[in-house]
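Asks: Sequence plus predicted model, see below.
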Amino acid sequence: MDKKACLECGESLKGRVDKKFCSDACRNAYNNQINKDGKNLIRNVNNRLRKNWRILEELNPKGKGTVSKQKLDAKGFNFNYITEIYTTKAGKVYYFCYDQGYSALENDLLMLVKKD
């Protein structure tokens, strides 16, 4: 009978026939290595969305207001990261980052809103 080896460290395995790793540490290290690239992308996108949400929440404490596009830019808001686009029946477009959103007004002003 062939001895199986741990997929991470190569140590000989004892126990169940279908065992692949010698320890939880080896299992975690192996899976972290395999998923590294995908996890980094997801982590970076989530961090960007979280930062955008915090900026909108900070500038919109009452749930509705206006702010200049320059103020969002100055705080590091990235307009490329949103979670939803909502268009009203009247054709007004709102961009949301989770429950915090904005819509363009004139003169580089944005209307900030919060979903109920």
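Replies: That came in fine, so what should we check first?
Asks: Give me the next element, helix or strand, following the helix ranked longest in the chain.
Replies: Here the longest helix in the chain is taken by residue count, with DSSP state H as the criterion, and it is helix 36-59. Proceeding N to C from helix 36-59, the next assigned helix or strand is strand 64-68, under DSSP states H and E.
Asks: which residues sit against that following strand?
Replies: Strand 64-68 is contacted by residues 59, 60, 102, 105, 108, 109, 110, 111, 112, 113, 114 when judged by C-beta atoms under 8 Å, 6 or more residues apart in numbering. C-beta coordinates here come from the backbone N, C-alpha and C atoms, glycine included.
Asks: Do me a favour and average the pLDDT over it.
Replies: Confidence over strand 64-68, taken as the mean pLDDT, stands at 96.
Asks: who touches the residue nearest in space to the middle of the chain in this structure?
Replies: When C-alpha atoms, centre = their mean is applied to the chain, the residue found nearest the centroid is residue 46 (1.4 Å). By C-beta under 8 Å, 6+ apart, the contact set of residue 46 is empty.
Asks: do the same with residue 5
Replies: If you count contacts by C-beta under 8 Å, 6+ apart, residue 5 has them with 11, 12, 13.
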